[in-house]
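Visitor: could you work out the structure for the sequence below:
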Amino acid sequence: MGFLQGTATFRRYRVVGELPSDFSTFLDRQIKLHAFRGLPAGPEDKSLGWTRIDNVLDTDFEYAGYLYGEYILFSLRIDRKILPPSLVRVKTMEAEQHCLREKGLKRLFREQRLEIKETIRGNLLQTAQPVPSFYEVCWNAYGGWLLFGSLSEKVAEEFEDLFKRTFSLKLLPFLPWDPVFLDDAVVRSLAALRQEGGRA
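Guide: Residues are numbered from 1 along each chain as shown. Model (predicted):
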């Protein structure tokens, strides 16, 4: 819980888009709608959604449990079924040998081998236990910025996608020198400095 206590590693975003006029109702509805629901039994290998930051098992968000003063704090939970490549390889080889013996063949075509591998992978995913990961979010909605507790590009992409689907808002990397967000006088000064540098 680095955003509540201790230290935290994070990436910073600007949140772009118009907030609804009744933002508190919208926020409560949307965060519950996209709360973490678990990974059902079957071949699916990933599930993700929002949880409370102080209790990752709580996805009900009762009493607006995501509000901390002017900040909105919650977590992204991602459960993944991770299959060791060596396990998939060995089980696939066993299935291929069984198929060769059963059908009296000397070799399998590439398509047959791929089909066997996918069947094995699906069977293993049916019984594999998902591994959960948690990433904290600190959002100042009216300040237009957000902190996300991961530096992984893959995790960030999943977070950005879910955030956009949940709140219909876009996340942009926070660049302090982005002229779109700078005061006009500062932008003119920077442009003047660039021109002088070009003449030097």
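
Visitor: the helix or strand harbouring Val15 packs against which elements?
Guide: Using DSSP states H and E, the element containing Val15 is strand 11-16. Judged by 3 or more CB pairs under 8 Å, 6 or more residues apart in numbering; DSSP states H and E, strand 11-16 is in contact with strand 145-148, strand 170-173. Heads up, the C-betas are built off the backbone N, CA and C, glycines and all.

Visitor: can you list the strands that the first one pairs with?
Guide: When you say that, I think you mean strand 145-148. Sheet pairing of strand 145-148 (DSSP bridges) gives strand 11-16 (antiparallel), strand 131-140 (antiparallel).

Visitor: which one of these lies nearest to Tyr71?
Guide: Closest to Tyr71 of the strands paired with strand 145-148, according to CB to CB: strand 131-140, at 5.8 Å.

Visitor: kindly export that closest one (C-alpha atoms) in PDB.
Guide: Extracted in PDB, the C-alpha atoms of strand 131-140 (Å, rounded to 0.1, in the frame of the first residue of the first chain):
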ATOM      1  CA  VAL A 131      -1.800 -15.700  -9.900                       C
ATOM      2  CA  PRO A 132      -3.100 -12.300  -8.600                       C
ATOM      3  CA  SER A 133      -1.200  -9.000  -9.000                       C
ATOM      4  CA  PHE A 134      -2.200  -5.600  -7.600                       C
ATOM      5  CA  TYR A 135      -1.400  -2.100  -8.700                       C
ATOM      6  CA  GLU A 136      -2.400   1.100  -6.900                       C
ATOM      7  CA  VAL A 137      -4.100   4.100  -8.400                       C
ATOM      8  CA  CYS A 138      -4.200   7.600  -7.100                       C
ATOM      9  CA  TRP A 139      -6.500  10.000  -9.100                       C
ATOM     10  CA  ASN A 140      -7.100  13.700  -8.600                       C
END
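
Visitor: identify each buried residue in that strand, please.
Guide: 135-139 (16 or more other CB atoms under 10 Å).

Visitor: same check, this time on stretch 80-100
Guide: Neighbour counts over stretch 80-100 (16+ other CB under 10 Å) mark 81, 91-92, 95-96 as buried.

Visitor: now the helices and strands packed on strand 11-16 in CSV, with distance to Glu62, mean neighbour count and mean pLDDT?
Guide: Below are the helices and strands packed on strand 11-16 laid out as CSV (distance: least, CB to CB, whole Å; neighbours: other CB atoms under 10 Å; pLDDT from 0 to 100):
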stretch, distance to Glu62, mean neighbour count, mean pLDDT
strand 145-148, 23, 20, 95
strand 170-173, 27, 15, 93
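
Visitor: okay if I get these as JSON lines plus distance to Leu87?
Guide: Listed next are the helices and strands packed on strand 11-16 as JSON lines, based on distance: least, CB to CB, whole Å:
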{"stretch": "strand 145-148", "distance to Leu87": "32"}
{"stretch": "strand 170-173", "distance to Leu87": "36"}
